[in-house]
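**Q** What follows is a protein structure lacking sequence information:
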């Protein structure tokens, strides 16, 4: 049944026309005839706008606005919902690129690059859909009529725009992940690189096969990869109890200017590199099975070191350490163990390698 669109849906029509116009402008004109716009609303409140071969469908439901744009044979899904500034979001994507960006709106917007339809399932205690959501699960289906939504997007590239105070839990089987400008990120992927920037409070990421990178962030950090490099650069502590833990089975680990007072890094096959000052009273532990550990520290640093190597490994230092026997040496090599202090010994460093070399270098 077709009927005239009531005034209450004018806002939806304007939104639909805006999206439709955007796609129409991208098509090269092939005729000078006037364009015809056809607007229809069905009994379910679905507004459909057809213009120059492009169809836009706009609906409302559960406090959200859903926009589907089809141009020729391509369709794009988009959905937006009001959310708390610290909303918690869960998303599972089987395969495809996932990007999450923080913005200044108290809304969550989800977009896909294919024909998937999107649903927000609320898991908060709010009984009214007029209230902003505090917990959301992002679901997908192949069509609006499909029975039941799936918690996985298969083969879809997904983009989420969320409030900057949001916490995101994300799982993927295959595909790269990019997250920036949010409060907390919790990521698990079987195969894919993970890039995180400007995470304010907490970061946790694991990958079976892929590199992990965290930059310009703060709070507690835990990163781990079975096969891939792990990097943390310009990381600050928010609380005194914040820790930074990096693990890799087969890959290198890089720490560049990290401010947490508790730092741990270990790899079985790979090297560990630390560059930057040590936190006063900090605790540092670095372990490798087959690989070197290199610490590049300021000349005015202060630390106590306990270094151990086995088999063919050695210990080399640029710092004139005061060792436990009272001897001082600018270079100590071919030793199985070294215990000594530099300065007043404020930070504690424990180094262990089976076959690698342990190096202490001055950052001049």
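**A** Good, I have the coordinates. Treat the numbers as computed from the prediction; the structure is a model and nothing was measured. Residues are numbered from 1 along each chain as shown.
**Q** Buried residues of stretch 276-285, list them for me.
**A** 276-279, 282-285 (16 or more other C-beta atoms under 10 Å). In this view, the C-beta of every residue, glycine as well, is placed from N, C-alpha and C.
**Q** What is the most widely separated pair among the residues you listed?
**A** Maximum pairwise distance among the buried residues of stretch 276-285 (C-beta to C-beta): 17.3 Å, between 277 and 285.
**Q** on that earlier part again, of the buried residues of stretch 276-285, which belong to helices?
**A** With helices taken from DSSP state H, there is no overlap with the buried residues of stretch 276-285.
**Q** Can you show me the strands along the stretch 151-300 of the chain?
**A** 152-154, 158-163, 167-174, 177-191, 194-209, 212-218, 220-227, 230-236, 243-250, 253-258, 262-269, 272-275, 283-290, 293-298 (DSSP state E, counting those that start in this stretch).
**Q** Distance from the fourth one to the middle of the chain?
**A** Centroid separation between strand 177-191 and its chain, computed with C-alpha atoms, centre = their mean, to the nearest Å, is 2 Å.
**Q** I'd like a version of the strands of the stretch 151-300 of the chain in JSON lines, one that adds distance to residue 105 and mean pLDDT as further columns.
**A** JSON lines is the format used below for the strands of the stretch 151-300 of the chain (distance: least, C-beta to C-beta, whole Å; pLDDT from 0 to 100):
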{"stretch": "strand 152-154", "distance to residue 105": "23", "mean pLDDT": "55"}
{"stretch": "strand 158-163", "distance to residue 105": "7", "mean pLDDT": "96"}
{"stretch": "strand 167-174", "distance to residue 105": "16", "mean pLDDT": "95"}
{"stretch": "strand 177-191", "distance to residue 105": "12", "mean pLDDT": "97"}
{"stretch": "strand 194-209", "distance to residue 105": "17", "mean pLDDT": "98"}
{"stretch": "strand 212-218", "distance to residue 105": "22", "mean pLDDT": "98"}
{"stretch": "strand 220-227", "distance to residue 105": "27", "mean pLDDT": "97"}
{"stretch": "strand 230-236", "distance to residue 105": "26", "mean pLDDT": "98"}
{"stretch": "strand 243-250", "distance to residue 105": "31", "mean pLDDT": "97"}
{"stretch": "strand 253-258", "distance to residue 105": "32", "mean pLDDT": "98"}
{"stretch": "strand 262-269", "distance to residue 105": "36", "mean pLDDT": "96"}
{"stretch": "strand 272-275", "distance to residue 105": "38", "mean pLDDT": "98"}
{"stretch": "strand 283-290", "distance to residue 105": "41", "mean pLDDT": "95"}
{"stretch": "strand 293-298", "distance to residue 105": "42", "mean pLDDT": "97"}
